[in-house]
Every structure is written in structure tokens, then in C-alpha cells.
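Asks: got a predicted structure plus its sequence, pasted below:
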Amino acid sequence: MENLFETIEIKNQLEERNLTPQYIQDQIYTFEKGLSPVKLVSPCTADNGIISLNEKDIENYIQKYNANVSNIESCKFVPASGAATRMFKDIVSEYSGTEDYSNQNSPNINKLIDSLTDFAFFNEMDIESTEGTKRILDKILLEAGLNYLKLPKGLIKFHKYPDSSRTAFEEHLVESKEYIGDESGNCNIHFTVSPEYRLEIENYLEAKLYDYQDNNTKFNLSYSIQNPATDTIAVDMNNKPVINENGELTFRPAGHGALINNLNIIDADIIFIKNIDNVTTEKYLPETVKYKKVLGGYLISIKNKINEIILELESVGIDKDKLSGIKEFISWDLNIDLPDNLNTEHIKNLLNRPIRVCGVVRNEGEPGGGPFWVNNNGINTKQIVESAQVDMADDSQKEIWNSSTHFNPVDIVCSVRDYKGKKFDLDIFIDKDAGIITTKSANGREIKALELPGLWNGAMADWITLFIEVPLITFNPVKTVFDLLRKEHRN
């Protein structure tokens, strides 16, 4: 293995990436030993780990948020680096590049062409009435046209309005101004973007701000890219590093878990996290805003209570009656398993952590993770779990997974400051063993890739976690181009 790091190509490569040989050796060791699957205890349900609020509770938390939002620093964090390639995957699988599709089995292409005028991006295309299917597809997908096969998803025209059409980026501006803003009207949004499109995105949004900014709202936009230093190496099926034609290690982006570093640079009282494609039109926006405020108000209430307890413990200590009330709060309000012997320092360690309040929706078959109780070294904690983290060959684990009632739509609001207002270092709350090893195909050969613990999975494993049920109308992802035909994306 030492010889691997003696070649000039790899020495230069690691130096450029500011990486050490030990960093690479640690990853190789991870491939060799494998990663243990999570141990599911049970799904979180409405009576076991998921909070269901009544209308009075909802109104109270909205009022709580409205009363505090102007006095706190808030920010919205939007992972927006993904390309729109997957949106058009089914189209591309049927796309042969020939002129005539009339005799082909191309149901997705036919559906796209038949519905073309219903898409917001139709108005961006210069199409003659006599143009064939190939020309239309080229104008949608290729660089000479809209280039939607490569553009970031945030730059795709999602929604059509009477006098304009909007991209996902624009809809995030419209949504954010409804619930983010201090007393001066500052609306802070942070986008993680791909490096090759960063300048284009910045210029695009800079030009669009004038359409959505007003006397009550001043957008403060910031950007970051996924740090190349978080990339992980690829290995072959014998766990040997894959060396490319230039004699260098083959690196791959380590998944959205790497974005915990991007989140870590944001210093705010509360941070809302939402995916770039989970937006809706203004017609359905009020419900989205309503529950953003509910989640924010709930977080503020919990954070204030935690700060109050810790400060009280530091000033006057703890007696038997007070301990009983604190244990009840930790157990019932925070759903944290308690050890038999609690002391003041232990309570502070339990409470003085980052907090995430996660909206979850009823599971209606959407792919992705969900809320579960997980056993970690004998302690049960609430986690968002992806299917790839579960040993589906274990019938008992598969049964627990299949009995899940709720889904994670990535609708999260976070508190990342301690009880003294100092920002946490989020890196120390990661479960480093919660990554995923996947098998990929590259240049006709099978390789293994390592994904870091997911941003809302292992990267937040040691946070205080609270799940609140929110209605399905607040979750409107666009995974394929045909999702844009759903009523939540049409006016």
C-alpha cells in the first residue's frame, strides 16, 4: 500500500486536494471491513415518536414563530447542486436519435410531446409547427437548445404563470420571503451549487432579485460548493484503489452527507433545510408557509425550554422535585431514553446539542427514507433512515422497514447554537460509521463507492431529533419531468 503513495501522480493529486495518505488508507480500511447496517427497533409512528398537533397547537406555534422571527437570525439552506439528468432519464432511455418515432415503443416520449404545451419550459422553446420529435427533443435536452439534460435542476422552468414562468430557484425566493426575515427585512438563503454552474446561477439569481425583492424584503444570497476534499475514492471489487489512465486515484463525490461541512459554515439562530425541487406554485404556497412556521415555532419553544433548564442547573443546581420535572421533559417532550443515574453534567450533555425538528408526511409509496427508532450500542434514538442502511436480507429488519407509516420529505428546521449562543461544531455530532457502500459501473467494470453519512441521516445522528407530522400537500418534489404535470405544479 505504501507504494501507492510514492508515485508522483498520486503525490501531486493528494497535494492539490489537500489530502493525506492516511485519509485514503482510512477509506480503504472502511471498504475492507464494511459498514454495519443500522439496527431498526421500530418505525416512528403517530403514537411512538411522531408528534401530531391539533389545530390549537398549530395556531399557538405559528403565533410563537411570528412573535420571534423578527428578533432572530434565520436562514434557508437549499442543496441545489444536482443536475436535471434524472428528470429526463425515461425520455433518454427511449431516445434513439432518429427522426421518426411513430413506430417506436416510446410511451414517455409520446407523453412528453402530447403534453408539451403544458410545461413551463415550452415558452422558452422556438418550435415550428412542422418540426419532428427529434428536433423537439434536441431543443429540450441538448446544449444547442435548453440544455436541460445537463443544467442544474434549479434552473429548469418549473411553473407557468399568466405573464411569466419560474424556475425552482425563483420559487424558493418567493417561498422564503413568506417566513424568513428579521426586523430589517433581511431574507437569508444559502444555496449549495455545482462549481461548473456557480457563476451562471449567481448571475441568474442576481438578475431575478429585482422581480421578487420589495420594500419589506432584502434577499441576502450566499453560495458554496461541495468541498472536493470530501470526495471519496473508488475501489474495485477486491478493495484495491481504482487508478485512472493518468495514474491517479479515482475520486467520486461522497453524496449529500458531505454538505454537513457547508451547513457548518452557516451561523444563524435557526436554519430551514429544503431540497431544491420541493416547491409548489403560489396557489398552494399558504399551506407550505403555515407548516414552516409551525416547525419553526416548535423549535423555538423547545430551544427556549432547554436553555432555561441548563441555565437553571448552572445557577442553582438540582433538587429531587426539579430533577423529576426535567426527566419528564427529556423523556416525554424530547423522546430521549434516560439512564438510571442522572447527574447535572449528564443532563447538560443530553440537552446541549444541535436540535432538528423534522416534518414527516404519511407514507404513500414515495422512495426514500423515513423516521425510525434505531438501537445504537444499547441506546434507542430517533433517526431518519434510508433503505440502503438496512439489512434487507434480515426478515425481521425488512418487516420493520415495511411497516413504516411516514416518509422523510426533507422539511427540517435546525438550531445550531448552544445555550450561550455559541455555534456548535457540527462535525462532532456525526456518526462516522453511518455511511453507505454502493456498487457502481464505470467504464464497463464494477467498482465500489463510499458515500459519507447522509446530511439528514448519519451526519445528524447525535442531534436532538423531533418528528412532527405535516400534511402531504407540503411535499411536492419533482423527480421526473412528468411530476410537473401534477396539480401542485400547475396554475
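Replies: Received it, and whenever you're ready, just let me know what you need. Residues are numbered from 1 along each chain as shown.
Asks: quick one, helices of the stretch 251-400 of the chain?
Replies: With DSSP state H, counting those that start in this stretch, the ranges of helices along the stretch 251-400 of the chain come out as 260-264, 285-316, 320-328, 344-351, 395-402.
Asks: next SSE downstream of the lengthiest strand in the chain?
Replies: Ranked by residue count and defined by DSSP state E, the top strand of the chain is strand 406-415. Sequence order places strand 436-442 as the next helix or strand after strand 406-415, per DSSP states H and E.
Asks: before we move on, back to that, out of the helices of the stretch 251-400 of the chain, nearest to Asn246?
Replies: With C-beta to C-beta as the measure, helix 260-264 is the member of the helices of the stretch 251-400 of the chain nearest Asn246 (27.1 Å). The C-beta positions use only the backbone N, C-alpha and C, and glycine is treated the same way.
Asks: buried residues in that closest one?
Replies: Residues of helix 260-264 classed as buried by neighbour count (16 or more other C-beta atoms under 10 Å): Ile260, Asn261, Asn262, Leu263.
Asks: show me where the stretch 151-300 of the chain has its strands.
Replies: 157-161, 164-167, 186-192, 218-224, 232-233, 251-252, 270-274 (DSSP state E, counting those that start in this stretch).
Asks: pull the CA atoms of the longest strand of the chain into PDB?
Replies: This file holds the C-alpha atoms of strand 406-415, laid out as PDB (Å, rounded to 0.1, in the frame of the first residue of the first chain):
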ATOM      1  CA  HIS A 406     -44.200   8.000   7.500                       C
ATOM      2  CA  PHE A 407     -41.800   9.400   5.000                       C
ATOM      3  CA  ASN A 408     -39.000  12.000   5.200                       C
ATOM      4  CA  PRO A 409     -39.600  14.900   2.800                       C
ATOM      5  CA  VAL A 410     -36.500  16.800   3.900                       C
ATOM      6  CA  ASP A 411     -38.500  19.500   5.700                       C
ATOM      7  CA  ILE A 412     -36.200  20.400   8.500                       C
ATOM      8  CA  VAL A 413     -35.600  23.300  10.800                       C
ATOM      9  CA  CYS A 414     -32.400  23.300  12.900                       C
ATOM     10  CA  SER A 415     -30.900  25.100  15.900                       C
END
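Asks: what's the closest of the strands of the stretch 151-300 of the chain to Asp391?
Replies: strand 232-233 (22.0 Å).
Asks: coming back round to it: of the strands of the stretch 151-300 of the chain, which approaches Tyr61 most closely?
Replies: strand 270-274 (13.2 Å).
Asks: low-confidence ranges, the chain, go.
Replies: By pLDDT under 70, the low-scoring segments of the chain are 1-2, 96-104, 129-130, 317, 367.
Asks: can you give the domain ranges for it?
Replies: 20-83+155-489, 89-150 (automatic domain parsing).
Asks: I'd like those domains laid out as a markdown table, including distance to Ile10.
Replies: Shown next, in a markdown table, are those (distance: least, C-beta to C-beta, whole Å):
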| stretch | distance to Ile10 |
| --- | --- |
| domain 20-83+155-489 | 6 |
| domain 89-150 | 30 |
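Asks: for those, which one ends up most surrounded?
Replies: Stretch with highest mean neighbour count among the domains of the chain: domain 20-83+155-489 (a mean of 17; mean count of other C-beta atoms under 10 Å).
Asks: what's the distance between that one and the middle of its chain?
Replies: Mean-position distance between domain 20-83+155-489 and its chain equals 5 Å (C-alpha atoms, centre = their mean, to the nearest Å).
Asks: endpoints of it, how far apart?
Replies: Length of domain 20-83+155-489, first residue to last, C-alpha to C-alpha, to the nearest Å: 47 Å.
Asks: any idea how far Asp211 is from Asp163?
Replies: To Asp163, Asp211 is 11 Å away according to C-beta to C-beta, to the nearest Å.
Asks: brain fart, Val38
Replies: Using C-beta to C-beta, Val38 is found at 49 Å from Asp163.
Asks: ok, now Lys422?
Replies: According to C-beta to C-beta, Lys422 stands 47 Å off from Asp163.
Asks: likewise Val316?
Replies: Note on Val316: its distance to Asp163, by C-beta to C-beta, is 62 Å.
Asks: and Ile447, by the same measure?
Replies: Applying C-beta to C-beta, the value for Ile447 to Asp163 is 49 Å.
Asks: could you do Tyr210 as well?
Replies: As for Tyr210, its distance to Asp163 is 15 Å (criterion: C-beta to C-beta).
Asks: likewise Pro354?
Replies: 43 Å.
Asks: before we move on, what about Glu131?
Replies: 26 Å.
Asks: what of Asn457?
Replies: To Asp163, Asn457 is 42 Å away according to C-beta to C-beta.
Asks: which SS class is Cys75?
Replies: Classification of Cys75 by DSSP: H, G, I helix; E, B strand; the rest coil places it in strand.
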